[in-house]
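Visitor: quick one: sequence plus predicted model below, questions after.
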Amino acid sequence: MKLVPLNPEGLAPGFPLPFNLRDATGTVLVTRGAAILDRQQLGYLLARDLFIHEGEQGMVQRQLNGQVDQMLRADITLGAIASIRPDYDLRSREAVPRERPLDWPDLEARGRVLLGDTQAARWEERLDELAGMLLARLDKHADFTLLRYIHLAGSQPEDYSTHHAILVMMLCALAGPRLPGWTPEWRRPLTRAALSMNVGMVPLQNELVRQAQPLSTTQRAQVDGHARRSAELLRDKAGIQDALWLQAVLHHHDAPAGPLGLQEPGVRLARLIQRADRYAARLSARRNRAALSAKAAAQAAFFDEGGRPDEAGQALLAETGLHPPGAWVRLAGGEVAIVMRRESNPRAPLTVISLVNREGMPLAVPAVRNTALPRFKVEEGVPSGQIRVQPNLEALQKLV
């Protein structure tokens, strides 16, 4: 893929772009037809070198030509015309209708297709686009994104492979900067590896969620070999050449414990994926195993195979806390509440909304509770399988 630098002077929030906006690695930061969300995202974009695909130069030039024509008709001086740059916010909203943002099911449908077929045309480019859209939402709404996917893990086993892959990617994106030696260039291979780690066993994953009996010998062999199989599919079928990406996928089940600073970068990424994978799996319900509470899942991620604290697990839990958004907790007065936000200080009171009363019945009206008060203090985590209400997450989000 040949990239050309883009002068960012004309970028502005709120208006669809006529091209895919990329970074120096080719990763899509804003997809064609989508808009920069706000000035915070614009500042994030302007802090890095921006590029477009060589084949999209014509789109920029055509718009520039249109601006020149308008200025000539308005008798603007030649000096002013010579200084113009493509200015994407000159277009009227009527001229270029804004694209409706993709909703979560649309994004998940894209993921389902891509993770199930590494031979699809433009696979790497399309996965980059999907990851970019998902991570843009995470960067802007991290707590709600965790709320959605942690809630889905414990309540909806359907489409497990897709939901699990997205959750693990989100967890790794949040915790990655806490790894020893972290560099921003690792974000792409880390998040893409987390999203694609199980492409070698997608049908089996969805089958095992519904299976009541233990794994057969054949299934066990498939599970044991899926990391190698996934790396092979990514390299040989999808054409992935990123060594960190491939190494992280290859070792995401067998990355050695011990000090991360002594490991190769790809193994460090693999270790974080391994802990996030284990954490997300413990939060997930299966036919032959109930979902654990978030606190129990955290313990599984925090300690390594020898029972010692794990650096990657520590990085993960430093981001999520013991009770992340989407987890259920029991309050001192007996109510059961859903956690809505992470807190920057681990000792700060959690933001929760009670949905079940002390008798186990749904509350008529969800109630925001102040967990700093003794009667609403968080007593323990509650496994999602014990919850019999289906919350409207978008409606609850508006309450806090």
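Guide: Cool, the structure landed. Numbering: from 1, shown residues only.

Visitor: checking Val339 next. Helix, strand or coil?
Guide: Counting by DSSP: H, G, I helix; E, B strand; the rest coil, the backbone at Val339 sits in strand.

Visitor: wait, what's in contact with it?
Guide: Contact analysis of Val339 by Cβ atoms under 8 Å, 6 or more residues apart in numbering lists 147, 294, 323-329, 350-352. Every residue, glycine included, has its C-beta placed from N, CA and C.

Visitor: look up which residues are beta-bridged to it.
Guide: With DSSP bridges applied, Val339 shows beta-bridge pairing to Val352.

Visitor: need the contact list for Leu50.
Guide: Counting by Cβ under 8 Å, 6+ apart, Leu50 touches 5-6, 8, 11, 21-23, 29.

Visitor: and it, how far from Asp277?
Guide: Separation of Leu50 from Asp277 (Cβ to Cβ, to the nearest Å) stands at 33 Å.

Visitor: model confidence for Ala120, exactly?
Guide: If you check Ala120, the pLDDT there is 92.

Visitor: neighbours around the closest residue to Gly132 other than its chain neighbours, how many?
Guide: Closest residue to Gly132 apart from its sequence neighbours, by Cβ to Cβ, 6 or more residues apart in numbering: Val28 at 4.5 Å. A count of nearby residues for Val28, using other Cβ atoms under 10 Å, gives 22.

Visitor: picking up where we left off before, what about the contacts of Val339, which are in strands?
Guide: Residues of these located in strands (DSSP state E): 328-329, 351-352.

Visitor: reformat these as CSV; add pLDDT.
Guide: Putting the ones in strands among the contacts of Val339 into CSV (pLDDT from 0 to 100) gives the following:
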residue, pLDDT
Trp328, 97
Val329, 96
Thr351, 94
Val352, 97
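
Visitor: ok now do the residue nearest to Gly132, which residues does it touch?
Guide: By Cβ under 8 Å, 6+ apart, the contact set of Val28 is 20-22, 125, 128-129, 132.

Visitor: what's opposite it in the beta bridge?
Guide: Val28 has these beta-bridge partners by DSSP bridges: Arg22.

Visitor: can you give me the distance of it to Thr217?
Guide: For Val28, the distance to Thr217 - Cβ to Cβ - is 42 Å.

Visitor: before we move on, what about Glu359?
Guide: Counting by Cβ to Cβ, the gap from Glu359 to Thr217 is 47 Å.

Visitor: and the ones in strands among the contacts of Val339, which two are furthest apart?
Guide: Greatest spatial distance among the ones in strands among the contacts of Val339 (Cβ to Cβ): Trp328 and Thr351, at 13.8 Å.

Visitor: helix or strand for the closest residue to Leu246 other than its chain neighbours, which one?
Guide: Of all residues not flanking Leu246 in the chain, Ala231 sits nearest, at 5.2 Å (Cβ to Cβ, 6+ apart). For Ala231, the host element (DSSP states H and E) is helix 217-236.

Visitor: centre of the chain to that helix, how far?
Guide: Centre-to-centre, helix 217-236 and its host chain are 24 Å apart (Cα atoms, centre = their mean, to the nearest Å).

Visitor: just the buried residues of the helix or strand following it, please?
Guide: Later in the chain than helix 217-236, the nearest helix or strand by DSSP H and E is helix 243-250. Of the residues in helix 243-250, those with enough neighbours to count as buried (16 or more other Cβ atoms under 10 Å) are 244-250.

Visitor: from the residues you listed, which is closest to Lys377?
Guide: Nearest to Lys377 out of the buried residues of helix 243-250 is Ala248 (Cβ to Cβ; 40.1 Å).

Visitor: right, and the closest one touches Arg271 too?
Guide: No: using Cβ atoms under 8 Å, Ala248 makes no contact with Arg271, being 9.0 Å away.

Visitor: before we move on, back to that, most widely separated two among the contacts of Val339?
Guide: Using Cβ to Cβ, those span at most 14.7 Å, a distance reached by Ala294 and Thr351.
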